[in-house]
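Participant: okay, predicted coordinates and the sequence, questions at the end:
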Amino acid sequence: MTDPLVKVMPTAYYGSMSIVDAPIVVVIGGGFGGVAAVQALAKAAVNVVLIDKQNHHLFQPLLYQVATSVLPTSNIAFPIRRIFRKQENAFIFNDEVIGIDLPSSQLVFANNRKAPYDYLIVAAGAGTSYFGHDEWAQFAPGMKSLEDATVIRNRILRAFEDAEAETDATALRAHLTFVIVGGGATGVELSGAIKELGVDSICKDYRRFDAKSARVILVEASDRLLSSMSHSSSDSALKALQDIGVEVRLGQSVTNVCADSVEIDGERVFANTIVWTAGVQANSLGASLGAELDRHGRVKVEPDCSVKGAPNVFVIGDMVTLNCAKTGKPVPGVAPAAQQMGRFVARIISHEVAARNKQAKRADANRTTKRSFDGDGTQQKNMLAERGAFVYFDKGSMATIGRAQAVAEVAGLKFHGFFAWIAWLFIHLILLVGFNNRILVFLSWAISYITYSKGSRIISGNPHSNVVSPVGSQAGNSQGQRRTVVKQLLERVQ
């Protein structure tokens, strides 16, 4: 079956070469790396086709703010098609690639549909890893998508609603216990935001319990938080979390997760809200390339980000394991690294296509340029030698902990507290896609900071209630029993 991808044939021209004859560069994934690659190919003599199963680019660093009701989903997502509406050589398809056939240079879609490519950039990202316990996912959702953040937000808000209706003391403690697994940036930011939600934002909205008493537990298997940052930043983050009341458990591992509890080194902690931020697993597309993978499913690529034996196929972002050519250190799976990889491989493709077009024009002005990565073996070797190796420029790391608290390491400088928080706000606003989104997020942050309120406390999808003994559930029709119900309503549970 012919795929619509092969029918992209506008009437534009690249110099003396029709766009019909230009190579097809397919980019799988509309995340940070994929978007950067497409943008960097804007002036190249190629047809760029971006394929993503979602129609939006997602700003993942702010997912935790959707989960904690700071921002609505629309503020951190932007239609991919709109990003490239002025880029004439970019074509967007909302579809899902399920496999890659390297020998035939074709993509495999559902129903065995196929489409060709000349160059391929795989930037499909990563999901959540439960370290061999995928059955825990239903009880402890990860946070990689808008859907994940919405599920977590529903569970958090549902827990507070359940606490308002609960009369059973044991069940009340479970409603107000929130366990976050994983002490990386996401875990640190989420745990601080949940505690802040209970202490600053909703404590006056509930009458039967004290939201400030919400118990937030952050579990990290290693001996410190934020392992990608310095020890001083880890210590600052730990102190800031403890100061606002977060219970941090270092050097402890989760051994089991079920619907109403989590086991931490054998201790069973009853909690109705559990969130998993502890591990990542690369997209399964990497396995279809036939390349060597690490234990997280990431592709071990060549220094130029290409797949061994397939120089026209590149893998970037969270899907790759690669050492920086300058420092020899592993390139981290963060947004700046993905963007830099995207631009790096785009430059390689632009250079090679321009070189082949120039050579073909010089050899025979009437010959149609071939669309494949072929040609003289010596020519290929020369091109590959000119590619160079990827060098990651580390712009620094940041993590926010709560209201006016953050840690930051930028350009060799380490700082924390209010100024780190301001820097975090400024940088994240700049990185957001879409001017409107930047304005709306800034206004949401300003209102939240001034009023101590969260504007997106909406429960959707009617999540299951975990109330064990709701107010009035044991009452009859006698006057004494009715008085008991009224006392329950008036009682403020501590």
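Facilitator: Received, thanks. Numbers count the residues shown, from 1 in each chain.

Participant: now do the spatially most central residue of the chain against D394, distance only.
Facilitator: Geometric centre of the chain, nearest residue: Q60, 3.7 Å, by Cα atoms, centre = their mean. Distance, Q60 to D394, using Cβ to Cβ, to the nearest Å: 19 Å. C-beta here means a position set from N, CA and C on the backbone, and glycine is covered the same way.

Participant: who's in contact with the residue nearest to the centre of the chain?
Facilitator: 31, 144, 335 (Cβ atoms under 8 Å, 6 or more residues apart in numbering).

Participant: which one of these is nearest to T255?
Facilitator: K144 (23.5 Å; Cβ to Cβ).

Participant: any stretches of the chain with poor pLDDT?
Facilitator: 1-18, 364-385, 472-494 (pLDDT under 70).

Participant: got the domain boundaries for it?
Facilitator: Following automatic domain parsing, one gets these domains for the chain: 4-53+95-128+281-387, 134-278+395-451.

Participant: for the helix or strand T170 falls within, buried residues please.
Facilitator: Assigned by DSSP states H and E, T170 belongs to helix 169-175. Across helix 169-175, burial judged by 16 or more other Cβ atoms under 10 Å covers 171-175.

Participant: what comes into contact with it?
Facilitator: Contacts of helix 169-175 (Cβ under 8 Å, 6+ apart): 159-160, 162-163, 166, 209, 215, 260-261, 270-272, 466-469, 493.

Participant: now do 10 Å
Facilitator: Helix 169-175 is contacted by residues 158-166, 168, 208-209, 213-215, 260-261, 269-273, 465-470, 493-494 when judged by Cβ atoms under 10 Å, 6 or more residues apart in numbering.

Participant: going on from that helix, what's the next piece of helix or strand?
Facilitator: Heading C-terminal from helix 169-175 (DSSP H and E), you reach strand 177-181.

Participant: may I have the strands that pair with that following strand, each with its orientation?
Facilitator: strand 215-220 (parallel), strand 273-276 (parallel) (DSSP bridges).

Participant: from the ones you listed, which stretch is densest packed?
Facilitator: Greatest average neighbour count among those goes to strand 273-276 (a mean of 26), per mean count of other Cβ atoms under 10 Å.

Participant: list the helices and strands the next helix or strand after it packs on?
Facilitator: Next along the chain after strand 273-276, taking DSSP H and E as the criterion, comes strand 280-282. Identification of packing neighbours for strand 280-282 by 3 or more Cβ pairs under 10 Å, 6 or more residues apart in numbering; DSSP states H and E yields strand 126-128.

Participant: got the buried residues for the strand it packs on?
Facilitator: 126-128.

Participant: quick one, which of the domains of the chain is nearest to R82?
Facilitator: That would be domain 134-278+395-451 among the domains of the chain, by Cβ to Cβ, at 7.8 Å.

Participant: what about the closest residue to I80 other than its chain neighbours, how many neighbours?
Facilitator: Among residues not flanking I80 along the chain, G30 sits closest, at 4.4 Å (Cβ to Cβ, 6 or more residues apart in numbering). Using other Cβ atoms under 10 Å, G30 has 29 other residues around it.

Participant: again with C258
Facilitator: 14.

Participant: again, but for the one 5 residues further on
Facilitator: Burial of E263 is recorded as 14 neighbouring residues (other Cβ under 10 Å).

Participant: what about it, which SS state?
Facilitator: strand (DSSP: H, G, I helix; E, B strand; the rest coil).

Participant: go on, G328?
Facilitator: coil.

Participant: then the one 10 residues further on?
Facilitator: Using three-state DSSP, the three-state assignment for A338 comes out as helix.

Participant: residues contacting T327?
Facilitator: Listed by Cβ under 10 Å, 6+ apart, the contact set of T327 reads 391-392, 394.

Participant: take the residues you listed and lay them out in a markdown table including secondary structure, neighbour count and distance to N111.
Facilitator: What follows is the contacts of T327, written out as a markdown table (DSSP: H, G, I helix; E, B strand; the rest coil; neighbours: other Cβ atoms under 10 Å; distance: Cβ to Cβ, whole Å):
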| residue | secondary structure | neighbour count | distance to N111 |
| --- | --- | --- | --- |
| V391 | coil | 13 | 42 |
| Y392 | coil | 21 | 39 |
| D394 | coil | 18 | 43 |
